[in-house]
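Trainee: Kindly generate the corresponding structure for this input.
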Amino acid sequence: MPAGQPWTRRELLLALGLYLDPLLGSQDKSNDRIIDLAKRIGRSPDSVVFKMANFKNLDPTAVGGFSNVGARDRELWDDVLNRPRQIHEAVSEAWANEEPLVDGPSHEMIGINTEGPQLTEAMSTTKSRRGQDLFRRAVLNAYQNRCCVTGVGDTRLLVASHIKPWRDDKENRLNPTNGLCLNVLHDKAFDIGLITVGEDYRIKVSSILKNNDEDFLNLNLVSYEGVSIGLPQTHQPSQEFLAHHRQHIFTP
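Mentor: Here you go, the predicted model:
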């Protein structure tokens, strides 16, 4: 492909799908999966690496990347943050339509077994990982990379916590309004029903915790009873999903 040729929507989706895979490894031109994508779209591995660096610059959960980002890259990333389910489907469809390259790296080289059910399972796992990564980015971006309970801002300690569990609602797995940005401790407490969020967006603490005699739990969990969570400007947590959590997961 001639140098300077604009990237097509398909090419951008394929590159985005690779960028969003947590198991990609190093984002450099020697990575077999980057080489594979470069061959598919008729571009150099360097070109693919540069495009992924553009995504990294736009990614609120990442540091670095290139600042010379084009309008089409920004438009696509806006979809990542605001329409994660739709972009997930588009990326998955783009990769599903790709055929194995005759002279490209084998599936074994990129960590996929080519035999029947194993290939299907591996592709499904990759799609699931990509979806979870999209959900995380959308939720953390909405909450400006801050825990909505404590205000902790280190992304290494933050989780995009599902309000209605992933296993219980396939349709809303990637819906940002089904998420809260929590630190790892409060995420676990929320997940097992030791805390919840009331209709007034205030923290409710389980009697199980209130009756404990551990200073650490009293300081870091029980003391947040009645505290209002920080609400994002976009993708505010759904009252429907919060009600489900209070009724089916929280232990009063």
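Trainee: quick one, helices of this structure?
Mentor: Counting by DSSP state H, the chain forms helices over residues 9-19, 32-41, 45-58, 71-82, 84-96, 116-142, 184-191, 207-210, 215-220, 239-248, given from the N-terminal end onward.
Trainee: Can you say which of those is nearest to K164?
Mentor: Taking Cβ to Cβ as the criterion, K164 comes closest to helix 239-248 out of the helices of the chain, the separation being 4.5 Å. The C-beta positions use only the backbone N, C-alpha and C, and glycine is treated the same way.
Trainee: what mean pLDDT would you report for that closest one?
Mentor: Per-residue confidence for helix 239-248 averages out to 98 on the pLDDT scale.
Trainee: and that helix with helix 184-191, angle?
Mentor: Our comparison of helix 239-248 with helix 184-191, counting by axes from the mean of the first three to the mean of the last three Cα atoms, to 10 degrees, yields an angle of 70 degrees.
Trainee: which residues sit against helix 239-248?
Mentor: 163-164, 172, 177-178, 190, 193, 196-199, 204 (Cβ atoms under 8 Å, 6 or more residues apart in numbering).
Trainee: Just give me the neighbour total for the closest residue to L12 other than its chain neighbours.
Mentor: Taking Cβ to Cβ, 6 or more residues apart in numbering, and ignoring the residues beside it in sequence, L12 has L76 as its nearest neighbour in space, at 5.5 Å. Using other Cβ atoms under 10 Å, L76 has 22 neighbouring residues.
Trainee: go on, V63?
Mentor: When neighbours are defined as other Cβ under 10 Å, V63 has 9 of them.
Trainee: for it, phi and psi?
Mentor: With angles defined as degrees, to the nearest 10, V63 shows backbone torsions of phi -130, psi 140.
Trainee: Which pLDDT value does the model give it?
Mentor: Among the per-residue scores, V63 holds a pLDDT of 81.
Trainee: cool, the one 10 residues further on as well?
Mentor: At D73 the predicted local confidence, pLDDT, stands at 94.
Trainee: May I have the residues that are in contact with it?
Mentor: Contact partners of D73, counting by Cβ under 8 Å, 6+ apart, are 12, 51, 54-55, 58.
Trainee: list the contacts for V205?
Mentor: Going by Cβ under 8 Å, 6+ apart, V205 touches 194-195, 221-222, 224-225.
Trainee: The same query, at a cut-off of 7 Å, please.
Mentor: For V205, the contacting residues are 195, 221-222, 224-225, by Cβ atoms under 7 Å, 6 or more residues apart in numbering.
Trainee: Let me have the contacts of D73 in a markdown table, extended by pLDDT, distance to H88 and neighbour count.
Mentor: What follows is the contacts of D73, written out as a markdown table (pLDDT from 0 to 100; distance: Cβ to Cβ, whole Å; neighbours: other Cβ atoms under 10 Å):
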| residue | pLDDT | distance to H88 | neighbour count |
| --- | --- | --- | --- |
| L12 | 95 | 14 | 24 |
| K51 | 95 | 19 | 25 |
| N54 | 94 | 20 | 24 |
| F55 | 94 | 15 | 23 |
| L58 | 92 | 17 | 17 |
